[in-house]
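predicted structure and sequence below. I'll ask about it afterward.
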Amino acid sequence: MNQRDTLKINVDGRLEIGGIAAGELAKEFGTPLYVFDEAHIRNMMRTYKKVIDEEYGGNGLVLYASKAFSCEAIYAIAASEGIGVDVVSGGELYTAVQAGFPAEKAYMHGNNKLPSELEFALDSRIGAVVVDSRTEADRLDGLARKKGVVQDVLLRINPGVEAHTHAFVQTARTDSKFGFSVSDGTAAQMTDYLIKKPNLRLCGYHCHIGSQIFEKQSFVLAANKVMDFISQIKKSTGYEAERLNIGGGFGVWYNDDDPKLQLSDYADYLKTLISAVKAKAKEHGLKEPFLLIEPGRSIVGEAGITLYTVGAIKDIPGVKKYVAIDGGMFDNPRYALYQSKYTVLLADRANEPCCEKVSIAGKCCESGDLIAVDVPLPEARVGDVLAVLTTGAYNYSMASNYNRNFVPPAVLVKDGKAEYIIKPQTYADLVRNDVIPKRLKQG
Ligand SMILES: Cc1ncc(COP(=O)(O)O)c(C=O)c1O
């Protein structure tokens, strides 16, 4: 288990987060329940910001990638830490704005931003739009002209580096719905195209090479390639990019296959990246660009746990033992989507030896609805509170009302206190937008 100050197993063998026993949270708020540790979130945000301040003279901005977990409270925390955010939809931007987040510190992504989303971004005076297609460039330029504004934009490019966990590859051609390739010349063509748009101001480039990455060199390689590209563009057109957004992707601990990174390790990732950018700027005689990073998972991933109650146990001799919980793929679809691995504990018996391997089954009417397969656990009993660790990223944000289950509420814990940041849904919420056309009504 990852040793952090605020997530631990206490002397009674009970899992504790933010100074509260997980079992107590389950009693007070019910299950399933997402629990977020505020101290962890703030520590991660501060770590990245401090490195940019101290190692790069503050010439940059941390953007929390809010797709990892979006709700008003997280934007309020980001605002109070003085960092920016990236948003990937009108909905995320709306949530940020509702939370009072300053839109000028928001960057908008997406390979097919809707006209209404672009218009909302302009009306909100968003910091920058990361352009990802020619159509979008035309659309945004047209909308900006109508509104009499000039919008800052970045261009999303593919430097030809793809990374995931412990491996990364350099690719000459990138097959991705995102971005424009540096190697086939389309990134250069799009640069020309954007420079000529009267109501867009091209500020620089963005790339994102992957997620759950532990290999520092992959970020260095990507930064080097983008800096080489900036130099090449400067030589051929005279245009010098002012901003470089290197995306997100720093990895987190899910289970003991993953390294347990400390705050200092995350700081090292960023320091290494900064050194590479500085060295390349020097090599090419470029100004050091304003540096942006977009960590999502590493800020909220390990800050979150999900609590469930065991409701049924089915032992199929010689095959599998299923421990069924009151949640499932509707609150965490990541096993169903990617066979993602998690660490599972019994919240009140977290120190008991694991005597068997079980599979954690959700309650959806779907045999693929599993949270974990063949994970070690002490013998679980009906009524036990089960905790799944590292569920802060891409769980709530990917949740649904599948089978008309409720998306669980979330609480934020700090110094022994817990408060709702997302309230429980009700049956009424589930039918709120349903309409029965008159002709289908009885009588
Ligand atoms: C453009 C972009 N930026 C940032 C992120 C955040 O990545 P992570 O959560 O791995 O840090 C993503 C995730 O897919 C992304 O697509």
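Cool, the structure landed. Numbering: from 1, shown residues only.

would you say residue 312 is within a helix?
No - going by DSSP: H, G, I helix; E, B strand; the rest coil, the assignment for residue 312 is strand, not a helix.

for it, which non-adjacent residue is closest in space?
Among residues not flanking residue 312 along the chain, residue 324 sits closest, at 4.2 Å (CB to CB, 6 or more residues apart in numbering). The C-beta positions use only the backbone N, C-alpha and C, and glycine is treated the same way.

and the pLDDT for the one you found?
Note on residue 324: pLDDT of 98.

then residue 174?
pLDDT at residue 174 comes out at 69.

now do the same contact list for residue 246.
Shown in contact with residue 246 (CB atoms under 8 Å, 6 or more residues apart in numbering): 206, 207, 208, 219, 222, 223, 226, 273, 291, 292, 293, 294.

can you narrow the residues you listed to ones near the ligand?
208, 294 (CB under 6 Å from any ligand atom).

quick revisit: what's the first helix or strand after the helix or strand the residue nearest to residue 312 falls within?
Residue 324 belongs to strand 320-325 when assigned by DSSP states H and E. The helix or strand immediately downstream of strand 320-325 is helix 334-338, counting by DSSP H and E.

with only the CA atoms kept, save that next one in CSV.
What follows is helix 334-338, C-alpha atoms only, in CSV (Å, rounded to 0.1, in the frame of the first residue of the first chain):
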residue,chain,number,x,y,z
ARG,A,334,-12.2,1.0,-15.6
TYR,A,335,-12.0,-2.8,-15.2
ALA,A,336,-14.7,-3.4,-17.7
LEU,A,337,-13.0,-1.0,-20.2
TYR,A,338,-9.4,-1.7,-19.7
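
near the ligand, which residues of the stretch 251-400 of the chain show up?
So far as CB under 6 Å from any ligand atom goes, the stretch 251-400 of the chain lies against the ligand at 294, 295, 296, 297, 298, 393.

okay, buried residues for the one helix or strand the fifth one maps to please.
Read it as residue 298. Secondary structure from DSSP H and E places residue 298 in helix 297-300. Buried positions in helix 297-300, judged by neighbour count with 16 or more other CB atoms under 10 Å: 297, 298, 299, 300.

okay, those in a markdown table with pLDDT next?
Shown next, in a markdown table, are these (pLDDT from 0 to 100):
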| residue | pLDDT |
| --- | --- |
| 297 | 98 |
| 298 | 97 |
| 299 | 98 |
| 300 | 98 |
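
pLDDT score for residue 177?
Predicted confidence (pLDDT) for residue 177: 87.

the residue lying closest to it once chain neighbours are set aside - how many residues pack around it?
Distance criterion CB to CB, 6+ apart; nearest residue to residue 177, sequence neighbours excluded, is residue 111 at 5.1 Å. If you count neighbours by other CB atoms under 10 Å, residue 111 ends up with 14.

could you do the one 4 residues further on as well?
Using other CB under 10 Å, residue 115 has 12 neighbouring residues.

no further queries at this time; thank you.
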